[in-house]
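Engineer: turn this into a structure:
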Amino acid sequence: MLSRLLRSVPAVWVGWVVARLLSVWFIKLEDNPLGDVYYYHFGIYGDDPKAMTEYPWLGQLPSALLARLVGPDFHVYWIAFPIMILVLDAAFMALVLRRHPETKAAIDAAWLWVFFGTAAGQVFLLRLDLFPALVVAAAGYFLFKHPALSGAMVAIATAMKLWPGVLAAGIVGRATRGRTWSALAAFVGTGAAVVAATIAFAGVDRLTSPLDYQEVRGLQIESVAATPFVYRNFFDLGTWKLAYAPSKSFEITGPGVETATQITTFAMAAVVLFGLGWALYRFIRGGWTPESTLAFFVLMVLLLIVTNKVFSTQYITWLGPLLVVALARGGWPTAQRTLLWTLAVFAVVCAGLGTFVYPFNYEAIYSPDGTQFLPIAALALRNVLVVLMALVAAVWFVLACRNPRSGAVSAGPAAGTPGVTSTAAAPSSNPAAEANPQREQPAQSQPHSAPSPKL
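Structural biologist: Numbers count the residues shown, from 1 in each chain. Modelled structure (predicted):
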């Protein structure tokens, strides 16, 4: 009875309301992240022309438009900002649940979103990262029916936050396929339109200011590469220096840090080269599938987080919406579904650990006194789990490339669609077909391919 009740749409919405009220209570308990909201407001009404210029113009546009809408009173703005995020948050969950009132996959995905958003804490409601994360999720969703729109979404997300640019490698298929060129044309065309809009409304300098900002960044104390030094510093106070830097974040300096920073630079370059190599491989050899590309998106997000010089608490927000889209799709082969659920659970745990560190116990990280070890341990555990998540995502990616559709249902609606009894795909009578899964074939030649869910 309880299980059936929890799998109803009303139950999910009640859970969402309770969970988000808890998120608001978190802000009341520790309101330090409101400083970010103040900074967004200051970017419009303050007297520093360089404020918010580290954000791409399109990325700061939601906060700027809200500031213009509510006016110069910050007390109104700091209430309006989390309300704006909550509206966006609710809209995303409504799309996940739309037309799937009885679908197990969609209900599970919605519950993941309920828990993930609250585990992500104050930064979920008080930072802008949800905007590009949801655009990337839209790119993942459109892979299954409208790849060209996926290319456009990747371009918009890149213009908002820079990092999604590496995901463009995933939309590349065989050179002889029209799908490839339509997706690339959408990516380039949308990107060009955003560049033109940025120049028209903000000037040429706003195209490069976010890139200039990246040059001054050191090794942030929450990053994976900084973890060994932050951990050792607890037992050997004073060997490393942790201080607020011009990058507007706390950074660490001391023995070994410069080498670690260089390693992250090379590792990040390797991730980019991997993406380019994968795009070239698909361009020449083909074999593109939406399933493997969605797995590629998740893997690349995790690799970017692991190799980054910065791992602020809100970065985990980049991952949640993509995992929700993947879960809502359903129809994954058993092994891939297990890996996907592992990623989902780890994402919630990492989000919760990140919230425990910032904002609740951040001082114990940047100004340790040798008495509060739990926040250090939580940070280390979060970063270890993120590295493990990258490994799990890599395995999922390999499996998705080898066997993208073996878990698909028979022709017709997707698995779990209301009123439809799902059946496993019938075994092929053609051994060659079993050895070579259908990829990039016309729709009529894919009788066993499950359509994407209508999120």
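
Engineer: residues touching Asn383, list them.
Structural biologist: 222-224, 227, 311 (CB atoms under 8 Å, 6 or more residues apart in numbering). Bear in mind the C-beta positions are built from the backbone N, C-alpha and C, glycine included.

Engineer: and Gly354, by the same measure?
Structural biologist: Applying CB under 8 Å, 6+ apart, the residues near Gly354 are 120-121, 222, 313, 316, 382.

Engineer: what is the nearest of the residues you listed to Asp31?
Structural biologist: Nearest to Asp31, judged by CB to CB, of the contacts of Gly354 is Gly121 at 11.9 Å.

Engineer: contact partners for that closest one?
Structural biologist: Gly121 is in contact with 23, 26, 313, 351-352, 354-355, 359, counting by CB under 8 Å, 6+ apart.

Engineer: out of the contacts of Gly354, who's nearest Glu291?
Structural biologist: Ile316 (23.6 Å).

Engineer: if we can go back for a sec, make TSV out of the contacts of Asn383 and add neighbour count and pLDDT.
Structural biologist: Listed next are the contacts of Asn383 as TSV, based on neighbours: other CB atoms under 10 Å; pLDDT from 0 to 100:
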residue	neighbour count	pLDDT
Glu222	26	98
Ser223	27	98
Val224	22	98
Thr227	21	98
Phe311	25	97
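
Engineer: taking these one by one, which sit in helices?
Structural biologist: Thr227 (DSSP state H).

Engineer: closest one of the contacts of Asn383 to Arg402?
Structural biologist: Nearest to Arg402 among the contacts of Asn383, with distances taken as CB to CB, is Val224, at 28.5 Å.

Engineer: what segments of the stretch 101-250 of the chain are helices?
Structural biologist: 104-119, 122-126, 130-142, 147-161, 178-202, 205-214, 227-235 (DSSP state H, counting those that start in this stretch).

Engineer: in the shortest one, which residues are buried?
Structural biologist: Taking 16 or more other CB atoms under 10 Å as the basis for neighbour counts, the residues of helix 122-126 that come out buried are 122-126.

Engineer: which among those gets closest to Gly238?
Structural biologist: Nearest member of the buried residues of helix 122-126 to Gly238, counting by CB to CB, is Val123, at 30.0 Å.

Engineer: and the gap between the nearest residue to that closest one once chain neighbours are set aside and Leu374?
Structural biologist: Among residues not flanking Val123 along the chain, Gln314 sits closest, at 3.9 Å (CB to CB, 6 or more residues apart in numbering). According to CB to CB, to the nearest Å, Gln314 stands 22 Å off from Leu374.

Engineer: so where's the chain shaky on pLDDT?
Structural biologist: 1-2, 99-102, 405-455 (pLDDT under 70).

Engineer: ok, the residue nearest to the spatial centre of the chain to Gln60 distance?
Structural biologist: The residue lying closest to the centre of the chain (CA atoms, centre = their mean) is Trp318, at 2.1 Å. Taking CB to CB as the measure, Trp318 falls 17 Å from Gln60.

Engineer: likewise for Val96?
Structural biologist: Applying CB to CB to Val96 and Gln60 gives a distance of 27 Å.

Engineer: compare the two (neighbour count), which wins?
Structural biologist: Each of Val96 and Gln60 had its neighbours counted (other CB atoms under 10 Å), and the higher figure belongs to Val96 (27 against 24).

Engineer: my guess is the more buried one meets Ala105, correct?
Structural biologist: No - look at Val96 against Ala105 with CB atoms under 8 Å: they stay out of range, at 9.7 Å.

Engineer: who touches both of the two?
Structural biologist: Ala328.

Engineer: the inter-axis angle of the helix or strand containing Leu322 versus helix 130-142?
Structural biologist: In this assignment (DSSP states H and E), Leu322 forms part of helix 320-329. Using axes from the mean of the first three to the mean of the last three CA atoms, to 10 degrees, the direction of helix 320-329 lies 30 degrees away from that of helix 130-142.

Engineer: may I have helix 320-329 as PDB, with CA atoms only?
Structural biologist: Taking C-alpha atoms only, helix 320-329 is exported to PDB below (Å, rounded to 0.1, in the frame of the first residue of the first chain):
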ATOM      1  CA  GLY A 320      21.600  16.000 -11.200                       C
ATOM      2  CA  PRO A 321      19.300  17.000 -14.100                       C
ATOM      3  CA  LEU A 322      21.200  14.800 -16.500                       C
ATOM      4  CA  LEU A 323      20.800  11.700 -14.300                       C
ATOM      5  CA  VAL A 324      17.100  12.500 -13.900                       C
ATOM      6  CA  VAL A 325      16.700  12.600 -17.700                       C
ATOM      7  CA  ALA A 326      18.500   9.300 -18.000                       C
ATOM      8  CA  LEU A 327      16.400   7.600 -15.300                       C
ATOM      9  CA  ALA A 328      13.200   8.900 -16.700                       C
ATOM     10  CA  ARG A 329      14.000   7.400 -20.100                       C
END
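
Engineer: wait, what's in contact with the nearest residue to Val12 once chain neighbours are set aside?
Structural biologist: Closest residue in space to Val12, ignoring its immediate chain neighbours: Ala110 at 4.7 Å, by CB to CB, 6+ apart. Shown in contact with Ala110 (CB under 8 Å, 6+ apart): 12, 16, 93, 96-97, 324, 328.

Engineer: greatest separation within the residues you listed: which pair is it?
Structural biologist: Farthest pair in the contacts of Ala110, by CB to CB: Trp16 and Ala328, 15.1 Å.
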